[in-house]
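1. got a structure for you, letters missing:
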Ligand code: MIG
């Protein structure tokens, strides 16, 4: 009945249950110790504390003064910020160099302004309030031209104005579509862009939360089922500043191992050692680059984590070692559920050492997942995270360096799809129910897995892929968007989903290339791989019982296209790597919506069928079948067609042709794009670094970053960073290399400068010396010069 139109029978209309909220009420007294400003109100207590001059925290508690404890998401302690606090005509004003907060007394309402007095957020008729069952809510005015981004992993479009979204980590196998508003990840944070300026708001609450940017035209709200109303206002003013502020609070990713940025092949499941070897052999024979193969749940002995099925995988060590020799990593799946089996060591230990989630009465909680009846580690306890971390030696001893965490919402096969909300998480002496800590279960598991691997990899960088997470997950894991389907609609949705994940501080993201469930077609795989080559995380994965979708599964024409785009990804690895360095330092994502770079441009507020990689590459995939042309929006500036070097003046829409083998791709004039030719895996050494220079009439510069790609030594200065300045004057192109840092020597012997945009012969000067072989022909407006690498 649920699936027929009976579901919309008028009797089923939800009677609009209006929740009753009690307003915080009038301010009675306020206090300041120069650090925390405290307000006592009619119906509750509010504290304001600056973490930096551009980050302010507000906490409301209806019953007692907030303790200002830090959550699991926030890793930053407050800095000393010099504040001016004064009261005039009853209004308390708190001023830092970047933010102004005014607190109005009757009733208590809080407004934030930038240092230029531009208003950021304002409360109006309604402000902070709480519900009778302990819910907390905050209303803010919504300006006519507010556009909203972030919110972690959500379906639907890029701009979330007009959406209502729930944060409750959920295993969503039902097709991802616009009405599904709770997905695997919860990032209760968003960025507002208004009139070209940005600010952010992070609602740090682990209960189920709801962001409503839909129900009222001039007001939005954020609501939590329980806990304090605890939020951080991030001052901006640029979108990149907001990401810096948000990731200052919640942390940033380490540089991923380079192999994590290559092409990965997965399937539910490659079921035997022979099948895996065969797969890798085919990649090698066909010379398709590859860096990792995934083992899905069939590798285990009846789905017991930390085991191998001895018949299917008789010698996992040899398998892992042989593949590593071929430059390929093996990444096994590890779910949280531990099979109830008194003869299974992990279960025995878990019970004896008291590692599992329990009810308050003391009984272990059991739920059904793949292994059948299972217990779940209580990752909220440090001892459990350490235990689980140590268990990773089962894999690292074999040579494994990457782990795939799935089902960690946690997913349970029952009506609610998760654990009983009454289950207790011990949380190192501060026990809380699953109702409160559900959304951070995946974050804790990510922490346990990442740190466990890190401790065992002798200085190498671990790789963790996770399905569930919370704000801060970027510290530990890459995120893929779960069970999408081989639908063209899901290829389209990959873009806004990954773009908003990036706007939420998670830089290493991607969707299952080719689609997970349902049957892919060759055409879909070709188009998805074209887009996938530009997603930060690039993995082809598919469900059991669907048609195969390895690169060669649909015949030669498709295979060649897929191979070409995988090769393109490897060619661009130095560019991607340099961008990941930036993400590590600043939180700015690799894959960016145009609105991030052009927040003033009204054409891009909700533009998500094309995107930027870094500042300079514009990717405009085809996401419809039998479609060989599309409209591309080029923002202001000059843009080169990557394939033909044809230039366009931006600020307009152009029509481009794109046969099945073509991905529309543009490069901004005034950019430097490093490339490496012919790599078949991330660590393969080539002798030449190609530096593509896309000429512009104004001088410009770019940087290139490189290190060993696998250890943490970059943290001790073992990296190479070069900045390159380019000036074109009449017929002369001046290229100046300037070392920024030389703590590491890259393996290239040669540099090839490729100067794009030279219609007539030019002289090329490298560090003041005229390059000799400029006699080389101009092909498609490009001249190439070789320079020894020094
Ligand atoms: O209930 O491990 O999203 O990627 O292949 C399904 C089997 C469990 C869900 C993951 C998917 C994976 C599958 N898993």
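-> Arrived safely, thanks for sending. Worth saying up front: this structure is predicted, and the values here are computed from it rather than measured. Numbers count the residues shown, from 1 in each chain.
2. spell out which parts of this protein neighbour the ligand.
-> Proximity of the chain to the ligand is confined to 268, 296, 297, 333, 406, 407, 467, 482, 483, 516, 541 under the rule CB under 6 Å from any ligand atom. Heads up, the C-betas are built off the backbone N, CA and C, glycines and all.
3. leaving out sequence neighbours, find the closest residue to the first one.
-> Of all residues beyond its chain neighbours, the one nearest residue 268 is residue 296 (4.3 Å), with distances taken as CB to CB, 6 or more residues apart in numbering.
4. I'd like to know how many residues surround the residue of the chain found nearest the ligand.
-> Among all residues of the chain, residue 268 sits closest to the ligand, at 3.5 Å; criterion: CB to the nearest ligand atom. Here the count is done by other CB atoms under 10 Å, and residue 268 has 21 residues near it.
5. repeat that for residue 790.
-> A total of 7 residues lie near residue 790 under the criterion other CB under 10 Å.
6. next: residue 231.
-> 23.
7. so which elements touch the one helix or strand it maps to?
-> Per DSSP states H and E: residue 231 is located in strand 229-234. Applying 3 or more CB pairs under 8 Å, 6 or more residues apart in numbering; DSSP states H and E, we find strand 229-234 packed against strand 55-61, strand 136-141, strand 197-203, helix 239-250.
8. now the element after the third one, going C-ward?
-> Reading on from strand 197-203 to the C-terminus, the next helix or strand found by DSSP H and E is strand 209-212.
9. what about that following strand, average pLDDT?
-> Per-residue pLDDT values over strand 209-212 give a mean of 98.
10. run the chain-centre distance for it.
-> The chain centroid and the centroid of strand 209-212 are separated by 20 Å, computed with CA atoms, centre = their mean, to the nearest Å.
11. ok, and what's touching the following helix or strand past that strand?
-> The helix or strand immediately downstream of strand 209-212 is strand 219-224, counting by DSSP H and E. The set of residues that contact strand 219-224 without belonging to it, under CB atoms under 8 Å, 6 or more residues apart in numbering, is 124-126, 135-142, 146, 148, 188, 201, 203, 205, 207-213, 215, 231.
12. repeat that for 6 Å
-> Counting contacts by CB atoms under 6 Å, 6 or more residues apart in numbering, the residues outside strand 219-224 that touch it are 136-142, 203, 205, 207, 209-213.
13. now do stretch 472-479
-> For stretch 472-479, the surrounding residues in contact (CB under 6 Å, 6+ apart) are 73, 250-251, 253, 443, 446-447, 450, 464-466, 505-506, 508-509, 537.
14. ok, and the most crowded of those residues?
-> residue 505 (32 neighbours).
15. could you look up the SS state of that one?
-> Following DSSP: H, G, I helix; E, B strand; the rest coil, the label given to residue 505 is coil.
16. confidence score at it?
-> pLDDT, residue 505: 98.
17. now it. Nearest residue, chain neighbours left out?
-> In space, not counting the residues next to it along the chain, residue 505 is nearest to residue 247; the distance is 4.7 Å by CB to CB, 6+ apart.
18. same deal with residue 446?
-> Closest residue in space to residue 446, ignoring its immediate chain neighbours: residue 476 at 3.8 Å, by CB to CB, 6+ apart.
19. just give me the neighbour total for the residue lying closest to residue 360 once chain neighbours are set aside.
-> Once its chain neighbours are removed from consideration, residue 360 has its nearest residue in residue 424; the separation is 5.2 Å (CB to CB, 6+ apart). Neighbouring residues of residue 424 were enumerated by other CB under 10 Å; the total is 19.
20. repeat for residue 119
-> For residue 119, the neighbour count with other CB under 10 Å is 15.
21. for it, report the pLDDT, please.
-> 95.
22. any idea how far residue 102 is from it?
-> Noted for residue 119: a distance of 10 Å to residue 102, by CB to CB, to the nearest Å.
23. again with residue 62
-> Taking CB to CB as the criterion, residue 62 is separated from residue 102 by 22 Å.
24. turn the helices and strands packed on strand 229-234 into JSON lines, columns for mean pLDDT.
-> What follows is those, written out as JSON lines (pLDDT from 0 to 100):
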{"stretch": "strand 55-61", "mean pLDDT": "98"}
{"stretch": "strand 136-141", "mean pLDDT": "98"}
{"stretch": "strand 197-203", "mean pLDDT": "98"}
{"stretch": "helix 239-250", "mean pLDDT": "98"}
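25. possible to save the ones you listed as TSV with distance to residue 731?
-> Written out in TSV, the entries for these read as follows (distance: least, CB to CB, whole Å):
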stretch	distance to residue 731
strand 55-61	50
strand 136-141	57
strand 197-203	42
helix 239-250	37
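26. looking at these, which is nearest to residue 384?
-> When the helices and strands packed on strand 229-234 are compared by CB to CB, helix 239-250 sits nearest residue 384, at 22.3 Å.
27. what sits up against the closest one?
-> With contact meaning CB under 6 Å, 6+ apart, helix 239-250 is reached by 54-55, 73-74, 76, 191, 198, 200, 234, 236, 471-472, 505, 586-588, 596, 599.
28. centre of the chain to that helix, how far?
-> Helix 239-250 has its C-alpha centroid displaced from the chain centroid by 13 Å (CA atoms, centre = their mean).
29. what segments of the stretch 351-500 of the chain are strands?
-> Listed from the start of the chain, the stretch 351-500 of the chain has strands (DSSP state E, counting those that start in this stretch) covering 366-369, 372-375, 402-405, 424-425, 432-433, 463-466, 469-470, 478-480.
30. can you tell me which of those strands is most buried?
-> Mean neighbour counts were compared across the strands of the stretch 351-500 of the chain using mean count of other CB atoms under 10 Å; the top stretch is strand 469-470, at a mean of 30.
31. chain center to it, what's the gap?
-> Centroid displacement of strand 469-470 relative to its chain, using CA atoms, centre = their mean, is 11 Å.
32. relative to it, what are the paired strands and their orientations?
-> strand 185-186 (parallel) (DSSP bridges).
33. give me the mean pLDDT for the strand it pairs with.
-> Per-residue confidence for strand 185-186 averages out to 98 on the pLDDT scale.
34. now for the residue nearest to residue 268: which residues touch it?
-> Under the criterion of CB under 6 Å, 6+ apart, the neighbours of residue 296 are 268, 269, 333.
35. mind putting these into CSV with distance to residue 679 and pLDDT?
-> Formatted as CSV, the contacts of residue 296 follow (distance: CB to CB, whole Å; pLDDT from 0 to 100):
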residue, distance to residue 679, pLDDT
268, 28, 98
269, 28, 97
333, 27, 98
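36. can you flag which of those belong to strands?
-> Mapping the contacts of residue 296 onto strands (DSSP state E) picks out residue 333.
37. on that earlier part again, quick check, pLDDT for the residue nearest to residue 360.
-> Confidence per residue is given as pLDDT, and for residue 424 that number is 98.
38. okay, and the beta partners of it?
-> On the basis of DSSP bridges, residue 424 takes part in beta bridges with residue 358, residue 433.
39. would you confirm that it contacts residue 430?
-> No: under the contact definition of CB atoms under 6 Å, residue 424 does not touch residue 430, with a separation of 11.1 Å.
40. what about the helices in the stretch 251-400 of the chain?
-> All helices of the stretch 251-400 of the chain, identified by DSSP state H, counting those that start in this stretch, fall at 273-285, 316-325, 345-352, 382-391, 393-396.
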